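# model this:
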Amino acid sequence: MSLSTFTVVHVVLSLLGIASGVLVLLRPSASPKAWGLTTLFLAATLATSVTGLLYLLPFPRLRLGHGIAVASLLVFVPTLLALWHHRLAGPWRATYVAGVATLLYLNAFIAVMQAFAKIGFLRALPATTIGSPLFLAHLLVLAICVWLAIHAFTSLQAGGAPRRSRPRPLRVADRWN
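Next up is the predicted model:
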């Protein structure tokens, strides 16, 4: 496979991972119906990380993208444990949501870096008094990922296992009836 074809496959996997990751965090669920989209996100993101590491072959120098790929692979371990081994039970829900949000952020982080490196008009944007456009774009991506994580966590908590209700205390009127 040529390097340009390999790059296109890598970018498509990355964009598929980002899009499906946003959807997974927008509509999180522990139901088997949601597992298809979750599996798509995890598979695309894992493939993105692996193909990102394979870029080491033509470029023997370690770059930021390679470090992000290694970090993503490390985040995969507790995320997959939370989802498939512990089935999002108890504290593993938070581990899963944090893992998915982190994987999404790392993937989007590299996408923003590549967009600013490859797209001419983004590279030409002038710095503002607040900061560089690249820095502001990264802050926006971080804010979106944090919001999605909070949304997903509260949604999973609300749609979690039913809680046992305590019996209603006996009232004086109930004793005589």
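# list the contacts of Val50.
Val50 makes contacts with 69, 73, as judged by CB atoms under 8 Å, 6 or more residues apart in numbering. Every C-beta, even on glycine, is put in place using the N, C-alpha and C of the backbone.
# quick check: next helix or strand after the helix or strand containing it?
Following DSSP states H and E, one finds Val50 within helix 35-54. Counting by DSSP H and E, the next helix or strand C-terminal to helix 35-54 is helix 64-80.
# that next one vs helix 35-54, what angle?
150 degrees (axes from the mean of the first three to the mean of the last three CA atoms, to 10 degrees).
# how far does the helix or strand just after helix 64-80 sit from the chain's center?
Sequence-wise, the next helix or strand downstream of helix 64-80 (DSSP H and E) is helix 92-118. On the basis of CA atoms, centre = their mean, to the nearest Å, helix 92-118 is displaced by 5 Å from the centre of the chain it belongs to.
# next one: stretch 4-22
Distance, stretch centre to chain centre, for stretch 4-22: 14 Å (CA atoms, centre = their mean).
# and stretch 113-129, by the same measure?
On CA atoms, centre = their mean, the centre of stretch 113-129 falls 24 Å from that of its chain.
# list the buried residues for it?
Of all the residues in stretch 113-129, those buried under the rule 16 or more other CB atoms under 10 Å are 113, 116.
# and that stretch, C-alpha only, in PDB?
The C-alpha trace of stretch 113-129 is given here as PDB (Å, rounded to 0.1, in the frame of the first residue of the first chain):
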ATOM      1  CA  MET A 113      -3.000  19.700  14.900                       C
ATOM      2  CA  GLN A 114      -3.100  18.100  11.400                       C
ATOM      3  CA  ALA A 115      -5.800  20.600  10.200                       C
ATOM      4  CA  PHE A 116      -3.700  23.600  11.200                       C
ATOM      5  CA  ALA A 117      -0.600  22.000   9.700                       C
ATOM      6  CA  LYS A 118      -2.200  21.000   6.300                       C
ATOM      7  CA  ILE A 119      -4.900  23.600   5.600                       C
ATOM      8  CA  GLY A 120      -3.500  26.900   4.400                       C
ATOM      9  CA  PHE A 121      -6.100  29.300   5.600                       C
ATOM     10  CA  LEU A 122      -6.000  27.800   9.100                       C
ATOM     11  CA  ARG A 123      -2.300  28.200   9.200                       C
ATOM     12  CA  ALA A 124      -2.600  31.800   8.100                       C
ATOM     13  CA  LEU A 125      -5.000  32.800  10.800                       C
ATOM     14  CA  PRO A 126      -3.500  35.700  12.900                       C
ATOM     15  CA  ALA A 127      -3.000  35.400  16.600                       C
ATOM     16  CA  THR A 128      -5.500  37.300  18.800                       C
ATOM     17  CA  THR A 129      -5.100  38.900  22.100                       C
END
